[in-house]
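A.B. asks: any chance you can model this:
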Amino acid sequence: MSKRKSFTPTLIAGGFATAFLLVKVLRRPQVKRKLGDLFDDACTRLDQRVGWSTLPTVGGLLTLVGIRNTLRQNNLYDTGVPQVTPENPLPTHENVKRWRTEDGTSNDLKCPFMGSAGTRFGRNARLADTWQEPMPAIMTPSPRVVSRELMTRHTFTPATTLNLLAASWLQFQIRDWFSHGQSVKDDPWMIPLAENDTWPQSDMKVMRTMPDPTRTLDDDTYLPLPGRQIRLLWTPGHTPGHLSFHDEDNDLLLTGDHVLPRISPNVGLHPHHAGSPLGPYLNSLRRLLPYESVEVLPAHEWRFRGLPTRVRQLLHHHDERLAEILAVLDDEPGATTWQIAQRLTWAHGWDAITGFQRRAALAESAAHLDHLVETGVLDVELDEAGVAHYRRTVAGKA
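C.D. replies: Numbering: from 1, shown residues only. Predicted coordinates for the structure are as follows:
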């Protein structure tokens, strides 16, 4: 009995020590992330196999949490939600913890403007990767043809599972997805129609969506300068809101820091970025390929012609940089941004880069690394100090 009694405190102490170590391990960022990924993956697989709605209430809700995490991580991009500030106060409503508000605010008390009137929905592609196609490309194929060929029903199809929530859902779709306020009556879309179209007019007129109040200058529009045709081209990458200006009358393109005649513009990852700026920058470069005849007026160095040739040179430069990073990681898996940047090719060598230029080089290396993570080529893990370590994914090794 005495041996058992003396052994009991040892067991208790061992249990506390084990629990302490377990809690310490579970609090590590990489462990928490891995456990979260496993939970989300299990929920997604469970939903695909049996459906979350067939589970008991608690199980179904937990599964929905994992599905939501997966969708937010892999299927939706944040488009920017206004924050509560003295200049942008939260509207006053009673009992927001229990009742919905008419303007949609306070659905999420931690982010009260999310999903409210006048804010953008999450998107399946980042805003920086998208732009409005210019005429006539935006009308090819015709929206009318798409509507008639893909969406027109020639026979009635009854909805056998419809319930009373459908009315609320339809109101949500129409009010929140399509109606964002008073449409702009000036300059409507004029959709050409086929000769055998049954539409009562020769053209179909569709009002444009009201301007986005979160963006002061719209892409592919004109500056309000009398007697001048200055088209705005959204070219993010070097900076998130970078714009280029096409003087159509004189065929001049002001590219700012987007395209320079000799040096490669810095495309660096900074704390305010929602993701790597490299993808948007490459897309912005490709967008300028059709501008063959323009004379380019950059923000640095000298004016030049032959824009498509220069664009292809810059695209090739970044392809080479991405390949160089992968070669470093093949030799040193798990390397950090600093370790990788030291081994990359720089015009004057790494040791000659100091001060601001070194910070810019590190930011550009980080942008390339995050681009490879976003495209599924690399995995990244954070150690206890929050330092990122990179290595190829299984797919990236193929």
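
A.B. asks: for the stretch 1-150 of the chain, which segments count as helices?
C.D. replies: Assignment of helices within the stretch 1-150 of the chain using DSSP state H, counting those that start in this stretch yields the ranges 2-26, 29-50, 57-74, 143-146.

A.B. asks: OK, contacts around G256?
C.D. replies: Taking Cβ atoms under 8 Å, 6 or more residues apart in numbering, we find G256 in contact with T235, H238, H242, L243, S244, P298, A299. Placement of C-beta: from N, CA and C, glycine included.

A.B. asks: return the distance of the third one relative to P86.
C.D. replies: Using Cβ to Cβ, to the nearest Å, H242 is found at 30 Å from P86.

A.B. asks: more crowded one of the two?
C.D. replies: Each of H242 and P86 has its neighbours counted (other Cβ atoms under 10 Å); H242 has more, 21 against 5.

A.B. asks: would you mark the buried spots in stretch 299-309?
C.D. replies: Of the residues in stretch 299-309, F304, L307 count as buried by neighbour count, 16 or more other Cβ atoms under 10 Å.

A.B. asks: now do stretch 351-370
C.D. replies: Across stretch 351-370, burial judged by 16+ other Cβ under 10 Å covers I353, A361, L362, A363, E364, S365, A366, A367, H368, L369, D370.

A.B. asks: of these, just say which sits nearest to P158.
C.D. replies: D370 (49.1 Å; Cβ to Cβ).

A.B. asks: quick check: domain ranges of the protein?
C.D. replies: 23-74, 230-397 (automatic domain parsing).

A.B. asks: pLDDT on the shortest one, on average?
C.D. replies: Meaning domain 23-74. Mean pLDDT, domain 23-74: 85.

A.B. asks: check stretch 238-257 too.
C.D. replies: Rounded mean pLDDT across stretch 238-257 is 88.

A.B. asks: keeping just the C-alphas, turn stretch 301-312 into CSV.
C.D. replies: C-alpha atoms of stretch 301-312 as CSV (Å, rounded to 0.1, in the frame of the first residue of the first chain):
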residue,chain,number,x,y,z
GLU,A,301,14.1,57.0,-67.0
TRP,A,302,13.1,57.8,-70.6
ARG,A,303,10.1,57.6,-73.0
PHE,A,304,10.2,54.7,-75.4
ARG,A,305,8.3,52.7,-78.0
GLY,A,306,7.9,48.9,-78.5
LEU,A,307,5.7,48.3,-75.4
PRO,A,308,4.8,44.7,-76.1
THR,A,309,8.5,43.8,-76.4
ARG,A,310,9.3,45.4,-73.0
VAL,A,311,6.3,43.7,-71.4
ARG,A,312,7.5,40.2,-72.6
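
A.B. asks: below-threshold pLDDT in the stretch 101-250 of the chain: ranges please.
C.D. replies: 121, 126-132, 162-165, 167-184, 211-220, 224-227 (pLDDT under 70).

A.B. asks: again but with the stretch 251-398 of the chain, I slipped
C.D. replies: Those would be 272-274, 394-398, if you go by pLDDT under 70 across the stretch 251-398 of the chain.

A.B. asks: can you show me the helices along the stretch 151-300 of the chain?
C.D. replies: Under DSSP H, counting those that start in this stretch, the stretch 151-300 of the chain gives helices at 165-172, 278-287.

A.B. asks: which secondary structure elements does the longest one contact?
C.D. replies: Think helix 278-287. Applying 3 or more Cβ pairs under 8 Å, 6 or more residues apart in numbering; DSSP states H and E, we find helix 278-287 packed against helix 307-331, helix 355-374.

A.B. asks: ok so, going back, dump the domains of the chain to TSV, plus distance to P112.
C.D. replies: Converted to TSV, the domains of the chain look like this (distance: least, Cβ to Cβ, whole Å):
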stretch	distance to P112
domain 23-74	18
domain 230-397	20
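
A.B. asks: the closest residue to A367 other than its chain neighbours: how many residues sit nearby?
C.D. replies: Distance criterion Cβ to Cβ, 6 or more residues apart in numbering; nearest residue to A367, sequence neighbours excluded, is L269 at 4.1 Å. Residue crowding around L269 was assessed by other Cβ under 10 Å; the count is 21.

A.B. asks: ok, now how distant is L269 from A323?
C.D. replies: Distance from L269 to A323, by Cβ to Cβ: 19 Å.

A.B. asks: and if you look at V296?
C.D. replies: Distance from V296 to A323, by Cβ to Cβ: 27 Å.
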